[in-house]
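everything below, folded, please.
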Amino acid sequence: MIYIAGISIAIFFEFLLLAKKNKTHADRILLWWMFVICLNLFLFYMLDTEQSYKYTFLLGLMIPIPFLHGVFTYFYVASATNQFPKRWYVQLAHFIPTFATCIYLIPFMLRPANEKVYVYQNEGIGYEPFLMITYIGVIAFGLGYVIWSLILLRKHQKNIRDQYANVEHVNLNWLKTIIIGLGVIWIIAIIDSGDQFIYIGVSFLIFTMAFFGIKQVALIQPVEEKPKQKKYAKSGMKKDQSDELYAKLKEYVDNDEEWFMQTDLTIQDLASRLNVHPNYLSQIINEREEKNFFDFVNSYRLKAFAELIQHPESQRLTLLALAYDCGFNSKSSFNRYIKKTTGLTPTEY
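This is a model prediction of the structure:
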């Protein structure tokens, strides 16, 4: 029954994604991935209930599909964090194990129906080495893509601090939940190769993906990345240009007492005010201030907060209210930043 529920929710989620306007690249990847999951679960249900023995053209179709889950995990995370491979042949290379498995299975798919049923009813007789290699390959590739996706996510978490002054809205739990969920399924496959536990896990993963996908639509939107500092050597900005831009930046931030008050301030916002390219501005902040954009902006907010709490009229307000007045957008971000920079809680500070 749980398989039917999983298939039904997957189909429902497919329709939601299809109906969504202005779909992102990550949306389209998720759309195809959910189709693959739904197909995989349907084929397993047909095999588990022995319906595939009546419709023998289904036998063998499920074997290559598990290779795709790791690929789509990586593709989805890479697209949602704007780290998707640009070259088509690099994208295509990820499907080589799937293509190779499909090619190998062609002779089996062309065998008479009774012979295909006999192979399945006798635990893959005649195909034991192939099935063992496939099983090991699926798990190895699956876990490899899970680790790779976590690396991408960790890289993205670091990079967004060069892009945003407040990172509370850049919620990555949706991506992390998917990756960890798939990692658990691959671990189950290692501990117990029985397909039933694996596909029960797949069904619960579908529930989780649908729940977070519907609840947190914003997570499907990609976040723009910027080049890492190691790429600054190729930026083409000369020292005199750097000096001029840094002086322009300091003049602006030192003379405008409210520039950091915008709670959703981004590097693009500040760059547009200075009429410079955001990559150049980010380079200046990283190299001259030795801070990322997040720390740079919040250092000014903390300074304003320190000045504000000394005013007698501020005594009637809470610390959090004063923090909001200085541009912080949440209690958690305010508390974490003060703890990080001073080692104290806001009250101790």
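
buried set for the helix or strand A304 falls within?
In the assignment (DSSP states H and E), A304 maps to helix 293-308. For helix 293-308, burial by neighbour count (16 or more other Cβ atoms under 10 Å) applies to F293, F294, D295, F296, V297, N298, Y300, R301, L302, A304, F305, L308. Where C-beta positions appear, they are placed from N, C-alpha and C, glycine not excepted.

what is that helix packed up against?
helix 278-288, helix 319-325, helix 331-342 (3 or more Cβ pairs under 8 Å, 6 or more residues apart in numbering; DSSP states H and E).

format these as JSON lines; extra columns: mean neighbour count.
Shown next, in JSON lines, are the helices and strands packed on helix 293-308 (neighbours: other Cβ atoms under 10 Å):
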{"stretch": "helix 278-288", "mean neighbour count": "20"}
{"stretch": "helix 319-325", "mean neighbour count": "17"}
{"stretch": "helix 331-342", "mean neighbour count": "16"}
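
K54: which of those is closest?
helix 331-342 (56.3 Å; Cβ to Cβ).

hmm, who's touching the closest one?
166-168, 295, 298-299, 301-302, 320, 323, 328, 344-346, 349 (Cβ atoms under 8 Å, 6 or more residues apart in numbering).

what ranges of the stretch 151-300 of the chain fall below the confidence cut-off?
Within the stretch 151-300 of the chain, the stretches with pLDDT under 70 are 161-173, 192-197, 210-236.

next one: the stretch 1-150 of the chain
Counting by pLDDT under 70, the stretch 1-150 of the chain shows low-confidence ranges at 1.

recalculate using a threshold of 50.
By pLDDT under 50, the stretch 1-150 of the chain contains no weakly predicted segment.

show me the helices in it, by range?
Assigned by DSSP state H, counting those that start in this stretch, the helices in the stretch 1-150 of the chain fall at 2-19, 25-48, 66-80, 88-93, 96-109, 113-121, 128-159.

next, format those helices as JSON lines and append distance to D256.
As requested, these are arranged in JSON lines below (distance: least, Cβ to Cβ, whole Å):
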{"stretch": "helix 2-19", "distance to D256": "43"}
{"stretch": "helix 25-48", "distance to D256": "36"}
{"stretch": "helix 66-80", "distance to D256": "34"}
{"stretch": "helix 88-93", "distance to D256": "44"}
{"stretch": "helix 96-109", "distance to D256": "55"}
{"stretch": "helix 113-121", "distance to D256": "72"}
{"stretch": "helix 128-159", "distance to D256": "27"}
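
turn the ones you listed into TSV, including mean neighbour count.
Formatted as TSV, the helices of the stretch 1-150 of the chain follow (neighbours: other Cβ under 10 Å):
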stretch	mean neighbour count
helix 2-19	16
helix 25-48	19
helix 66-80	24
helix 88-93	10
helix 96-109	14
helix 113-121	15
helix 128-159	16
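
output the helices and strands packed on helix 293-308 in TSV; the columns should cover distance to I179.
Shown next, in TSV, are the helices and strands packed on helix 293-308 (distance: least, Cβ to Cβ, whole Å):
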stretch	distance to I179
helix 278-288	27
helix 319-325	33
helix 331-342	23
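
give me the contacts around the helix or strand harbouring A247.
For A247, the host element (DSSP H and E) is helix 239-255. With contact meaning Cβ under 8 Å, 6+ apart, helix 239-255 is reached by 237, 259-260, 273-274, 276, 280-281, 283-285, 287-288, 300.

make JSON lines out of these and add distance to A247.
Below are the contacts of helix 239-255 laid out as JSON lines (distance: Cβ to Cβ, whole Å):
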{"residue": "M237", "distance to A247": "14"}
{"residue": "W259", "distance to A247": "16"}
{"residue": "F260", "distance to A247": "19"}
{"residue": "R273", "distance to A247": "15"}
{"residue": "L274", "distance to A247": "11"}
{"residue": "V276", "distance to A247": "12"}
{"residue": "Y280", "distance to A247": "14"}
{"residue": "L281", "distance to A247": "13"}
{"residue": "Q283", "distance to A247": "15"}
{"residue": "I284", "distance to A247": "10"}
{"residue": "I285", "distance to A247": "14"}
{"residue": "E287", "distance to A247": "14"}
{"residue": "R288", "distance to A247": "10"}
{"residue": "Y300", "distance to A247": "17"}
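
what distance do you get for the closest residue in space to T98 that isn't next to it in sequence to H25?
Nearest non-adjacent residue to T98, counting by Cβ to Cβ, 6 or more residues apart in numbering: F67, 4.5 Å away. With distances taken as Cβ to Cβ, to the nearest Å, F67 is found 22 Å from H25.

same check on T208?
With Cβ to Cβ as the criterion, T208 and H25 are 22 Å apart.

what of K158?
Distance, K158 to H25, using Cβ to Cβ: 22 Å.
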